[in-house]
Each structure stands twice: as C-alpha cells, then as structure tokens.
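K.L.:
For reference, the sequence and a predicted model appear below.
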Protein chains: 2
Amino acid sequence: MEQQAKNYDIKVPKGTRDHEPADMFIREETFATITKCFKRHGAVPIDTPVFELKDVLTDKYGEDSKLIFELADQGEGEKLALRYDLTVPFARYVATHGLKNMKRYHIGKVYRRDEPYMTRGRYREFYQCDYDIAGTYDPMLPDADCLKLVCETLTELKVGEFSVRLSHRKILDGIFEVCEVPENLYRTISSAVDKLDKKTFAEVKEEMIQKGVTASVADKIGTYVKLAGSPLEVLAKLKEDSIMSNKSAAMGVNDLQLLFSYLGDMKCLRFISFDLSLARGLDYYTGVIFEAIHLSKDAEGIGSILGGGRYDDLVGKFSSQKVPSVGFSVGVERILAEKKKRLLVQQVSPTRVFVAAVHVPVGERLKVCCELWDADIATEFTYENDPRIAKQYEKANNLNIPWVITIGEDELAKNIISIKNMVTGQQEVVKRKELGFAMKSLLRRENKN
Amino acid sequence: MEQQAKNYDIKVPKGTRDHEPADMFIREETFATITKCFKRHGAVPIDTPVFELKDVLTDKYGEDSKLIFELADQGEGEKLALRYDLTVPFARYVATHGLKNMKRYHIGKVYRRDEPYMTRGRYREFYQCDYDIAGTYDPMLPDADCLKLVCETLTELKVGEFSVRLSHRKILDGIFEVCEVPENLYRTISSAVDKLDKKTFAEVKEEMIQKGVTASVADKIGTYVKLAGSPLEVLAKLKEDSIMSNKSAAMGVNDLQLLFSYLGDMKCLRFISFDLSLARGLDYYTGVIFEAIHLSKDAEGIGSILGGGRYDDLVGKFSSQKVPSVGFSVGVERILAEKKKRLLVQQVSPTRVFVAAVHVPVGERLKVCCELWDADIATEFTYENDPRIAKQYEKANNLNIPWVITIGEDELAKNIISIKNMVTGQQEVVKRKELGFAMKSLLRRENKN
C-alpha cells in the first residue's frame, strides 16, 4: 500500500466530536443510572435505524424542520434523513408494528444541523435518553408516572437542584383563542412565547407582532403567560379567571388539577413550577408539556436538561389507529457537560494485573498472561521481547494497574509466582498452578476493603 | 394539530430494521460478553461520530468503496459520509489526537449500501465490535494478543465450533510477485482469490483472467493458494518451497513462524487454519490477516463471523506519523442471527412487583408504587382509575411479574400490605411503613434460590 501525503484536515465533521475513554466512562455510568430508573417503572428497550424515510420526519418539528440532516440520493428511490429525535421514530415504531400500547425506553444518537455550541453541550450529533408510554388509559395516570420518574431520574443523576416547569398545550391554545389569535398562527406564536425564559417580554412582543398579531393581542397574551409559580396557586388563579369559559383552557385546567393531586400523592409537587410561558418548540405536543431546568447560578444559560409532554396525535399520523402517548427525553449531553466540569479526568484502565519479566523468553510472559485471562482477570504486559524491568514497572504505574507479577529465572525454576501490590506494598508468593485461583482471591479481598 | 391521512408506507428504510425488546436483551447480553473479554486484555472504550468527512473514507476499502452512504450536501461545504467500519475511524482518531499508541475497543453501528440479505444477518445498518492495538512494538506480540482474544471471545460467546483462517498479506504479495502478476493488479487479483471459500478454482481463475492475468499465471497462483491446513504443516511446506527466495514472502513466513510459536505458548494454535486462499477484501491490510468461521453444517453460507488483521500504513494516511496497528472486528449480527434461531423469545419485563387495588382511590395505588420506586424496586400498575381486579391480575400475569400487592379498604384501614407471589403462592402481610424493606428482603431471598 502506498503512503499518501496528508492533504486535508484530519478532523471530525462540524458540531461532532470523538469520545475519549475518560468521557466514555462518565457517559456509560450516566446511561446506566438512567436505564436503571427507566426499568424501575417497567420500561423495555428498543432501537430503531439511525435514519428514517424522510417523509416520516417531515412536518413533525415545526420551525426546526430545516435542521434535519438528509442523506444523498444515490439512485435508489428512497429519500432518507437522520433521525432528529427519538419520539417521532417511536411513534413510527408503534404504527409499523401495529401496537396498541407500549412502555419503552430508548437511548440513542440523534442529529440536528444546528449551530454548534460545544461548551454548553449543543452538538450536531448527540445522545437522547427517552421514556414514553403509548396507550389509551385513564386521564393523567401515565403523565403522573412520567413526572414522578423525571424527579427520580434527575435526583439519581445528582444534577443538583432542579425545577420542572410545566404547562398544558390546551391552556395555551385557550389563551390564544380568547386573545383572538388566528388559529393558523397558534404554533408560531407559541414558539415566540417559549422564548420568555431567555428574552424580555418586550422582545417577545416584538416577535409576536412580526409574526402577525396586533400589539394589543400581544399584550393580552402577556397577561396570561407571565403567570408562573406554585402549581396550586397558579391553578387557583386560572380557575377564577374568565379563561375558564373557554372550552380548551378549561379542559387543560381540569387535567392539571387531577395531575397535581396525583403528584401530591407521590410527594413530587414541590419540584413543579406551573409556568404559562412554557410552550415547547415541537409541533407534536397536545397536552401536558414540561421541561426541567437547573436551579444553580452556575447553570444559567444551560437551558433545559430534560423535556417532554403528551402527544396524542403523532402515532395517528402514521396509522389509521390513534394511540395517545406521553413521555420525555433526558438532555444527557448538557448533564454530561456539567459533570465533566466537576470531575477530574480519571485513569480508566480496567486492568488489574501487569505481568513483567526479567530476561526470560517472552513466551513465558504469554503463558502467565494466558493463565490469568483464562481465570477472567484483566491483565496486560508490554509488547516487547526483552524490555527493561524499570520500563515495565513504569508502564504498570502509568496505567494505574495495582498488581504486578514479576517473572525471572528463579520463579520459572521453582514453579512459583511473585505478586506485589504496588499501592499497598503487599507481597505474595504462590504456586504456579494456583495462580488464577490465588489472584482471584487477592482481587476479591481488595474489593471488599 | 390536524390528523393527516397515512399517505406512504410506514416502514424502515431498505436493509434496516427495528430492534424489539426481546432482540435488545439478547443484543445487550452479547455486547456485555464481548466488552468483558475486550476489557480483560486492557482495552478502553472510545466512540466516534457516525459520519466522517468523506475524504477520510475515500480509497480505504478497495472494490467496496461504492457501498459508502453519503450525506446530502445541504450547502455547508463539508462532504460527509456514514462510517463504513470502525477501523478507518480508529486510525483517523489516532491521527487526530496525535497518539503514539492506544488499545481501544469500540462497539457501534456502521453503514453499507449493500444488497441486504436479512436472514443471514446482512443489513445496511449493523453493529461491529472492534478491538485494536495501535503502537510500535516487537514483532507479532500485539498480533498474538489479538488472536488469543479472538479465541476467548468466540468461546465465551458460545458460537459453537469455530476455526480461525489465517494468512499474511506479504506472503500473498510474494506469491503474486513470483507468479509475475503486475503490481497494480495485486489488490484486485487478491479479491478474486478471496472468493475461493465460496467459488470453485475454475470460477476464480476465470475472474483472474478477466481482471488481466494469463491462464498460466492464474494456474501458478492456484498451486499456492490451494494450500491450507495445520499451521505448522503448511508453514513447513512453504519453507521448503522456492517462494522463500522472494523477500516479501520470506518476511511473511518468518512473521508467522514467530506468531505460531506464541499461539502455541497460549494453547490456541489448535483453533488456527493457515489458509493461503484467505485474502480479505479491504485494501488497508499489510501483514497477518484472519477471519473466523463456524464449523457446524448449519452455518454453511453464513460466511465469516469475525475478521481482522494488521494495517501498518493506515494511520500514516491521516498523519505524518506512522503508527502500526492490528485488530479485529466481531461480526456480531451474524452471531446474533444464529442465536435468535436457537433461543425462544422470552418475556422481558424487568418489573418485579405489580400493585393492584380493589375499589380504593387511584391515589392510594400511586402512594404504594411510590414507596416501592423510592426503595429502588421495579414496579408497575394499570393506568386506570378503578380497574376490575381480574384485569389487573391478568396484566401482571401477561407481563410475567411474580409479586402482586393488592390494596383494599381493609389494608388501608389497618395500615398493612398483602403481598403474594403468583408463581410460588407464597403470601406475606407486612406493616405499611416497612413495605420497601420487606419487599427488598423478599426479592433478595428469591434471587438466592
């Protein structure tokens, strides 16, 4: 094979990154915690292809649809696009398999052709961890299950203090109806309102006017969407308001009254803030919507670390069968970005034993390694024929491997093995034929301490 | 949100599939076994983006390059393509991060626009599980480590009887040189030779002639590439052959002599077949090459279940620094396809406890679930206000949940909980405030049995 000159930048595509081993360990630990929480509520895992037929994704994401990554047409007839989230593929899955109900979790990569903002955890390729319940059930019970699980998951992930902002699409739609917003503008005005956590009301009002409502309509919307706070208090205010004569708003308020009573039963109402400025960008939500935010000052500008809601019509877009659904997605990249700031990068070698040798044929080292591997003990050695002993110890030390076995002519002649723990100084000499067993006991005892 | 009529097939893209929960459990178990083996040899995990700059993939895969999935140019300047394997991204990773050595494993999806053959595990999106050692070391030591690990991994995956076909690119190149094949035809004649496991020599000879060598050259190649069998015997034959006067072939033979002695030390020579018809399709190999095949009759036509080899020049294509490397990739889809044929699909609910109720407010069920979730016990209930008790037991039974708690007015009044194991019939009544603790002990005792 010929050598080629390097003639282009050896980098990853814009907005993506490699995960180094130290990253991977934090990531795997975080996924394991999330999986444990999701399974505790009875969810089972699925996976779907990383790309879908483009039509599956079209018209599901509102203003964000332009951010979908498309595959090149290589002359085969299928138009394909990388998945943008795990919710639409889940709805497609439920439709494809003709399911009436499913409680599943899914951890996988999704793709958005967004402007990257790496330090805040915004990438073009990133993981989502989703939990969803599809099926026709009594009001607010799956929703309550989700919100309890949200609180459990964020608590166990040790993200620090958090709050779950919560609202209801039907209340928002009711507000728009009462304020006489044209129905075709509901979703675009909705996405303007959603910016109230980052922009002033004046800025959002300006955006609403540009999107086609009058200043007085925008102001009237403002009187409602500024409402936020303790769930029961905000609910009480709404119940005394004329908005209750609007059918859609009243339905939303009734839903939330029931939901809050369930959340009270489960002692997680204290995490909830009922915030009428929450709108959520995605088109497909139809009921309860929520997102979780960090409460610490450090986290300002981080945005939400989890989002979700009810989407009763999405499966119906793929099937003649309607399957109401609710769920949420953990914004794990933002949580990981925060974790990485707090943690020191640790040595991550899984290896427990290093086999060193002084002037004996390399085959002897291989035999000893082999005996350890066959006893299921993580073992390494240097891939060199006759390395200096100091270099071998240095390698063991660099890799943070605690136990070192040194083989010399003496050990071979006597059929013994010398084992030393480089951290504690503990030394053992064992019979060669008992190596695997002896090493396993040493490691077991170490784990107990 | 308006309902849309279903106006296209709700299916996954050609050559891809959804993974259902039962699939996922077999898959996760298999990945866990592979990960355990890889870590035992000291490898650490990495991940890379699912797409790379297209130039990174170009000219690395020989005749298969046409199967690369490209992303659409959406006006941003970067030409991107989905990764075709995990080896080229690894070499790019080593170059990007300026590493001199690394032993890593990587489990991830790769993409090939190949003709799908689902029943034999050939898909357009599939997982590979790769282990590689990059770094400048003494001859054949990393190679021996890889081959020992290959044998461990396939044994622990319980794939049944297997054989590792092994050869050396330098020997193959020596044969071509001795047979006077023009150098620019080496790789294409090589890929013709590689088909000898599926085609007759006559067919392969025909292909070689079409690719530009004479019939007598093809026949002379034939005398060599028909050699296969016990490593030491084939090696002995080659050492007596005039091919030894060819420098490239002699280097390959010397490598293998050393490798076989190491594999002998590690007692895995018995798994190896030295097979000169093995060529491997990919362009980047430069030394030892190998692939593992099933030996059972059922597995005929399955093809290889693992492949790998040495690629000393690949990192150098991305960097001015040469980092010799060797590794292998487990063809996990084929192994999983075989496993699925053998296993019954099992009920996969992780849930241990079902909370049922007879005519008490749903909030009471929520409270009990909550106490169990907070005690880290996987628990479910029906999302219905007042379901019939028979329907609740049926749901627990369908989900294969062993323990059922039934709450009625009596239990609430007395502050007790009745627990029943639906499999063994065991019944317990515990104090309400001790529920989490009591349930945990019951589950622990169950696990011990």
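P.N.:
That came through fine. Numbering: from 1, shown residues only, chains lettered A, B, ... in the order given.
K.L.:
and for stretch A:55-65, what are the contacting residues?
P.N.:
A:67-68, A:79, A:81, A:83-85, A:88-89, A:92, A:112, A:187-188, A:191, A:281-284, A:314, A:317-318, B:4, B:8, B:10 (C-beta atoms under 8 Å, 6 or more residues apart in numbering or on different chains). All C-beta spots, glycine's among them, are computed from the backbone N, C-alpha and C.
K.L.:
Show me how far that stretch is from its chain's centre.
P.N.:
21 Å (C-alpha atoms, centre = their mean, to the nearest Å).
K.L.:
List the buried residues for that stretch?
P.N.:
A:56, A:57, A:60, A:61, A:64 (16 or more other C-beta atoms under 10 Å in any protein chain shown).
K.L.:
Closest to residue B:215 out of these?
P.N.:
Relative to residue B:215, the closest of the buried residues of stretch A:55-65 is residue A:56; by C-beta to C-beta it sits at 53.5 Å.
K.L.:
Restrict the host helix or strand of the closest one to CA atoms and write it as CSV.
P.N.:
In the assignment (DSSP states H and E), residue A:56 maps to helix A:54-57. Taking C-alpha atoms only, helix A:54-57 is exported to CSV below (Å, rounded to 0.1, in the frame of the first residue of the first chain):
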residue,chain,number,x,y,z
LYS,A,54,-37.6,11.4,5.0
ASP,A,55,-41.4,11.6,4.9
VAL,A,56,-41.6,10.1,8.4
LEU,A,57,-39.8,13.2,9.8
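K.L.:
which residues touch the following helix or strand past it?
P.N.:
Following helix A:54-57 in sequence order, the next helix or strand is strand A:80-82 (DSSP H and E). With C-beta under 8 Å, 6+ apart as the test, strand A:80-82 has contacts from A:50-54, A:57, A:68-71, A:110-111, B:13, B:71.
K.L.:
ok, now how distant is residue A:227 from chain B?
P.N.:
According to C-beta to the nearest C-beta, to the nearest Å, residue A:227 stands 24 Å off from chain B.
K.L.:
for residue A:377, same thing?
P.N.:
For residue A:377, the distance to chain B - C-beta to the nearest C-beta - is 7 Å.
K.L.:
now swap in residue A:248 and tell me
P.N.:
13 Å.
K.L.:
Same check on residue A:209?
P.N.:
Applying C-beta to the nearest C-beta to residue A:209 and chain B gives a distance of 25 Å.
K.L.:
That residue contacts residue A:218, correct?
P.N.:
Yes. The criterion here is C-beta atoms under 8 Å, and residue A:209 meets it with residue A:218 at 5.9 Å.
K.L.:
Can you tell me which of the contacts of strand A:80-82 is nearest residue A:357?
P.N.:
Using C-beta to C-beta, those come closest to residue A:357 at residue A:50, 46.3 Å.
K.L.:
Quick check on the closest one: phi, psi?
P.N.:
Main-chain dihedrals, residue A:50, degrees, to the nearest 10: phi -70, psi -20.
K.L.:
Stretch A:435-442 and chain B, any residue contact?
P.N.:
No. Stretch A:435-442 is not in contact with chain B by C-beta under 8 Å from any C-beta of the partner chain; minimum separation 12.5 Å.
K.L.:
Which residue is the nearest non-sequential neighbour of residue A:116?
P.N.:
residue A:15 (3.7 Å; C-beta to C-beta, 6 or more residues apart in numbering or on different chains).
K.L.:
sec struct for that neighbour, please.
P.N.:
coil (DSSP: H, G, I helix; E, B strand; the rest coil).
K.L.:
Double-check it against residue A:123; I have them as touching.
P.N.:
Yes. Counting by C-beta under 8 Å, residue A:15 touches residue A:123, with 5.4 Å between them.
K.L.:
Now do the shared contacts for these two.
P.N.:
With C-beta under 8 Å, 6+ apart as the test, residue A:15 and residue A:123 both reach residue A:116.
K.L.:
Select the helix or strand of chain A having the lowest average pLDDT value.
P.N.:
helix A:332-342 (a mean of 85; mean pLDDT, DSSP states H and E).
K.L.:
Counting by contacts, list what that one packs against.
P.N.:
For helix A:332-342, the packing partners by 3 or more C-beta pairs under 8 Å, 6 or more residues apart in numbering or on different chains; DSSP states H and E come out as helix A:21-40, strand A:125-134, strand A:304-310.
K.L.:
list the buried ones in that helix?
P.N.:
When burial is assessed from 16+ other C-beta under 10 Å, helix A:332-342 yields the following buried residues: A:332, A:333, A:334, A:335, A:336, A:337, A:338, A:339.
K.L.:
Stretch A:237-256 now?
P.N.:
Those would be A:238, A:241, A:243, A:246, A:248-256, for stretch A:237-256 by 16+ other C-beta under 10 Å.
K.L.:
so of those residues, which ones are in helices?
P.N.:
Counted as lying in helices by DSSP state H, out of the buried residues of stretch A:237-256, are A:238, A:248, A:249, A:250, A:251, A:252, A:253, A:254, A:255, A:256.
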